[in-house]
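**Student:** from the sequence below, what's the structure:
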Amino acid sequence: MAGYIAEFFGFRSEDHSDASLSHAAKRQCPFLGDTCTKVLSRDAEIAGVCAIRQMTEGSPPVICCPNRMYADQYKLLYKVASKAFNEKLNLYAGRNAVLKAKSENGAVAVFGHGWGGELRLPQRRGTGSYFVDWVLAKLDGNGDLIEFTAIEVQTIDTTGNYREARKKLLLDRSLSVDTVGLNWENVSKRIIPQIIYKGQVLQREELCKTGLFFVSPKPVFDRVLTRLGGKAKLPIFPKQPASINFIAYDYSDEEFMDGEIRNLEIVEEHCTTVYKIQEAFSSLDLPEGNVYRDAIKRSLYG
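**Tutor:** This is a model prediction of the structure:
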């Protein structure tokens, strides 16, 4: 496989504006307001790669860095909180939300990615993990916990590398192809089993009334649903403790100029249940019988 770096330190790779060049020179992530945390595996150099585009004509840029999803001051979290709790509340890091809830007649406590510290969950024996990327906890006007929801954010992993393409972008902002590809195999091997496991855990939580929100770029959203047999095998359900709320969060069609960061927005949603996902994942579309026999005969006898 081969592909291009589509976004570099937050800006289009084709962007030669002062803002894009400055962020690259300083190795700064505009979404974190700090040094980019994505590094190359071999020598730990700062990568700065936000999105990849495959060489295939018409292929869209696919976000490969989770921090890219948190553009516009973590706007994504506010959108999910509004959907989960059916009201607009301010978000605060962890226990800071308690006093704010009392003064604002309600607030949302955020846990994850440096907002409110890691929740101390029990260790699980064997495979699987309880941990999700984000927990949003709704507090009432007394600062008491009413309910919570969980968010898993999944971008795409890459194969190959983009080391040479990155060097050329840093040198003279020239765009070049490299061996980088998109690791779609992880959709089946890792992503879907995690959705099922975490969805089942959350379904048992008495205060988790809306289940799990699974947020990904549109191409990942499409690949997950296709792997599960399409929307026909995943009927829509209202939000409930067993919900898996798929959200495609991707590039907006709004016009933007060089020196500006392209906005993200919710482009598609699909709410089903963890039971339907488990059922779809285990019911594979099998080929006709004797495919191996026929292949052997063709190879042997032509």
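
**Student:** quickly list what residue 29 is bridged to.
**Tutor:** residue 34 (DSSP bridges).

**Student:** so it touches residue 39, yeah?
**Tutor:** No. Checked against CB atoms under 8 Å, the pair residue 29 and residue 39 is beyond contact range at 11.9 Å. C-beta here means a position set from N, CA and C on the backbone, and glycine is covered the same way.

**Student:** between the two, which one's more packed in?
**Tutor:** Each of residue 29 and residue 39 has its neighbours counted (other CB atoms under 10 Å); residue 29 has more, 22 against 12.

**Student:** on the pLDDT front, check that one for me.
**Tutor:** pLDDT for residue 29: 95.

**Student:** next: the one 3 residues further on.
**Tutor:** As summarised for this prediction, residue 32 has a pLDDT of 88.

**Student:** now swap in the one 10 residues further on and tell me
**Tutor:** At residue 42, the pLDDT value in this model is 77.

**Student:** name the element it belongs to?
**Tutor:** When elements are defined using DSSP states H and E, residue 42 is found to belong to no helix and no strand.

**Student:** roughly how far apart are it and residue 161?
**Tutor:** As for residue 42, its distance to residue 161 is 9 Å (criterion: CB to CB, to the nearest Å).

**Student:** what's the mean pLDDT across the host helix or strand of residue 197?
**Tutor:** For residue 197, the element it lies in under DSSP H and E is helix 192-203. Helix 192-203 shows a mean pLDDT of 92.

**Student:** alpha carbons only: can I get it in PDB?
**Tutor:** The C-alpha coordinates for helix 192-203 follow below in PDB (Å, rounded to 0.1, in the frame of the first residue of the first chain):
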ATOM      1  CA  ILE A 192     -15.400  -4.700  17.400                       C
ATOM      2  CA  PRO A 193     -14.500  -7.100  20.200                       C
ATOM      3  CA  GLN A 194     -13.700  -4.100  22.400                       C
ATOM      4  CA  ILE A 195     -17.100  -2.500  21.600                       C
ATOM      5  CA  ILE A 196     -18.900  -5.600  22.600                       C
ATOM      6  CA  TYR A 197     -17.000  -6.200  25.800                       C
ATOM      7  CA  LYS A 198     -17.200  -2.600  27.000                       C
ATOM      8  CA  GLY A 199     -20.800  -2.300  26.000                       C
ATOM      9  CA  GLN A 200     -21.600  -5.400  28.100                       C
ATOM     10  CA  VAL A 201     -19.800  -3.900  31.100                       C
ATOM     11  CA  LEU A 202     -21.600  -0.600  30.900                       C
ATOM     12  CA  GLN A 203     -25.000  -2.300  30.400                       C
END
